[in-house]
Each structure stands twice: as C-alpha cells, then as structure tokens.
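Q: Quick one: sequence and predicted model below, then my questions.
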Amino acid sequence: MIRLTLALDAMGGDFGPAVTVPAALQALAYHPQLELLLVGDPAAINPLLSKTDSVLRERLTVITAESVIAGDAKPSVAIRASRGTSMRIMLELIKEGRAQACVSAGNTGALMGLAKLLIKPLEGIQRPALMTILPHQQRGKTVVLDLGANVECDGEMLAQFAIMGAVVAEDIIGIKNPRVALLNIGEEETKGLDNIHQAAVILRSIPSINYIGYLEANELLTGKTDVLICDGFVGNVTLKTMEGVIRLFLSLLKSSGDGGRQSWFMKFAKRWVKKRLARQFGHLNPDQYNGACLLGLRGTVIKSHGAANQRAFAVAIEQAMQAVERQIPERIAARLDAVLPKSD
C-alpha cells in the first residue's frame, strides 16, 4: 500500500479545529493509506484527539503554528506577516517534500498568493485558478474555473484555464475529448467582453481542445459542456448564487409543511413527492463537492469553503487525495508543453 501524506491547515475557516480535526479523523478512518499533518495550535487541537483510536492517532501528526491568517485580512498584508502561520507552514510542508498536497479553509487571497510564492506556477501558466467539479442534472460532472483566484483575466489566461480544465475532465472524470465552453452573457459570437473574444480565438487555434463556443449561466447544471471557463469574479458569483439556491431548495424539501387539516392521502402524497425530489436533486448538495483545487501550481493545493462543516471538509480532503493519485499537476504540465508556444 502506497502511503499518501497530506497537510491540513487546522486553524483555517470559520470553525477551525472544531471542523477540521473531526474531518481529518473521518478521512483517516476511511483511507488506511492516508497520513495527515495537522498544522495549528496544539492547545486547540489536542483536546479533540483525546479519545481518538490509537491506530488512527499513529497516522496523524500535530505540527505547531504560532498564529493564524484572519479570514478578512488583506492578502498583501497577510502574506508579508505570514511566517509562523498555520497556512504558510502547511504550504512549506509541500515545498519541503514532507506532504504531497494540502487543504485549507482559510483566506483565499492569502492562500493564492502564498501558494504562488512558495510552490510556484507551472511553466506556461501566468496565474493559478480555482477549479471545482460540479454535478449536473444528467448525473454527469462539469469542470468549472476560475472560481475566485483571479478577478480579472485576459484572453491568454482564460485559454490556459481551458487547457487545465480539459486535463481534469479527461484524467479525473474520464471524459474523452471533453467539450470546452466560455461562460458569457449570450451564445452569439458578437456578445461579451474583449477578453472572452480573445480566448475564443486562441481556443479555436488549439486542435487538441474541443472548443464548442459560448454558454450562458443558466446552462451551468444542464450538462451541455464538460469544462466551463470564466474569470474569478464571474465564477465566484455564479457558484455562490447557485449554491445558495440549491441550499434553499433542499431546505424547503426538508421542512415539514404538513400541518393543518389534510387527508391522509394528501399528507402521503406530499411526503412521497419530497422524497422523490430529494433523491433527484440531493446529489447537487454543495457539501458533496466542497473543495476547489488551485490548478496551475507545481503541487496540489485545495481550498475548502470557509463555512464548511465536517462532512464538507472531509470531501475537500478526498479531492486532495484524488488530485495526487491522478498526478494532475504533472499531467497539466505535459499538456501545456504540447500545446503552448515554445519560448525562445
């Protein structure tokens, strides 16, 4: 059995160790090949490990960090003052070769900046992008990026995101010749901003990319494309809007709503409909796909939602394991080398 070592920022996110430690133990219980390095304050972490099974405890190491990067800290300030923080030490463990991937629910801007500084982007990538894999209504999956790492992107950056997304669609989801689309305000060629038009021109010129054109946001969950590309501002707003609607929908399904005087048949019919809808759409629950991979780096960095619960953070750990096992950074580097123009 090949050992897999991940580093976790135990202090990051809205809930810190209260979520990250139980999620880490859950991941260890499911994956006997997994070893975890929990980075943070031992005084906050160790009490949560007091009743841990000794077999699991042997595969978990607590690494002391003196401080935490605040979630609302300005990234440039946080990066300058990052020495000794749980996030920076986590990333340094990858740089030193002690961990193969890492997961943090902390400050996105700081994570992006520190990862770029310490782990370095792949050759041919201007800036890494946050990527997630979303389920769609046809029971398949769609790769979406960027989700917030880069607010402004030129055409070349969007094309680089498309190349990376296509690799993920092929090597993680298993889609041959995945369809690639650009998120836009309309499907007509004349619509959209200049950077989107520039990206379209570049993508049409790359034979290995199955570029299918523009797609509107209302098609995100329909399965019309396998890879959907946008800048970080649009992607972040789109994802959070979608997640909010889905959470509201699922919460309405869970609510009772069976009060008042109703016949037994009407009560039964309502319960039956709710169960059918829950089965049909439950796979869209955002907790089941938490964890955005920071693609374009020489190592694997996963960004979890700051408000992730234990179940969601455990899913982010699974994402990190999968990216390492499928050698995603190496595969992206090979594809970039094949399709991007060689520098002099």
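A: Great, that's in hand. Residues are numbered from 1 along each chain as shown.

Q: Tell me the predicted confidence for the residue most central in space within the chain.
A: Nearest to the geometric centre of the chain sits residue 292, at 1.0 Å (Cα atoms, centre = their mean). In this model, residue 292 is scored at 90, pLDDT.

Q: same check, this time on residue 285
A: 59.

Q: try residue 189
A: In this prediction residue 189 is given a pLDDT of 89.

Q: Packing partners of the longest helix belonging to the chain?
A: Longest among the helix segments of the chain by residue count, using DSSP state H, is helix 232-254. Counting contacts by 3 or more Cβ pairs under 8 Å, 6 or more residues apart in numbering; DSSP states H and E, helix 232-254 packs against strand 129-135, strand 141-145, strand 179-183, helix 264-281. For the C-beta atoms, the positions are set from N, CA and C on the backbone; glycine is no exception.

Q: can you dump the C-alpha coordinates of that helix into PDB?
A: Written as PDB, here are the backbone C-alpha positions of helix 232-254 (Å, rounded to 0.1, in the frame of the first residue of the first chain):
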ATOM      1  CA  GLY A 232     -12.700  34.600 -11.000                       C
ATOM      2  CA  PHE A 233     -15.200  37.400 -10.300                       C
ATOM      3  CA  VAL A 234     -17.900  35.900 -12.500                       C
ATOM      4  CA  GLY A 235     -17.100  32.400 -11.400                       C
ATOM      5  CA  ASN A 236     -17.300  33.100  -7.700                       C
ATOM      6  CA  VAL A 237     -20.600  35.000  -8.000                       C
ATOM      7  CA  THR A 238     -22.100  32.300 -10.200                       C
ATOM      8  CA  LEU A 239     -21.000  29.400  -7.900                       C
ATOM      9  CA  LYS A 240     -22.200  31.100  -4.700                       C
ATOM     10  CA  THR A 241     -25.600  32.100  -6.300                       C
ATOM     11  CA  MET A 242     -26.100  28.500  -7.500                       C
ATOM     12  CA  GLU A 243     -25.200  27.000  -4.100                       C
ATOM     13  CA  GLY A 244     -27.500  29.400  -2.300                       C
ATOM     14  CA  VAL A 245     -30.400  28.500  -4.500                       C
ATOM     15  CA  ILE A 246     -29.700  24.700  -4.100                       C
ATOM     16  CA  ARG A 247     -29.400  25.000  -0.300                       C
ATOM     17  CA  LEU A 248     -32.700  26.900  -0.100                       C
ATOM     18  CA  PHE A 249     -34.400  24.300  -2.300                       C
ATOM     19  CA  LEU A 250     -33.100  21.400  -0.300                       C
ATOM     20  CA  SER A 251     -34.100  23.100   3.000                       C
ATOM     21  CA  LEU A 252     -37.600  23.500   1.700                       C
ATOM     22  CA  LEU A 253     -37.700  19.800   0.900                       C
ATOM     23  CA  LYS A 254     -36.700  19.000   4.500                       C
END
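
Q: So for that helix, mean pLDDT?
A: Here the average pLDDT along helix 232-254 is 81.

Q: just for this structure, where's the confidence low?
A: Filtered on pLDDT under 70, the chain yields the residue ranges 1, 250, 253-287, 340-344.

Q: what are the ranges of the strands in it?
A: 4-9, 34-40, 60-64, 101-104, 129-135, 141-145, 179-183, 210-215, 227-229, 292-295, 300-303 (DSSP state E).

Q: Identify whichever of the ones you listed lies nearest to residue 168.
A: strand 141-145 (5.0 Å; Cβ to Cβ).

Q: Next, the buried residues of the longest helix of the chain.
A: 232, 234-236, 238-239, 242-243, 246, 250, 253 (16 or more other Cβ atoms under 10 Å).

Q: can you list the residues you listed in a markdown table and add distance to residue 36?
A: Below are these laid out as a markdown table (distance: Cβ to Cβ, whole Å):
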| residue | distance to residue 36 |
| --- | --- |
| 232 | 29 |
| 234 | 35 |
| 235 | 29 |
| 236 | 28 |
| 238 | 32 |
| 239 | 27 |
| 242 | 31 |
| 243 | 27 |
| 246 | 30 |
| 250 | 30 |
| 253 | 35 |
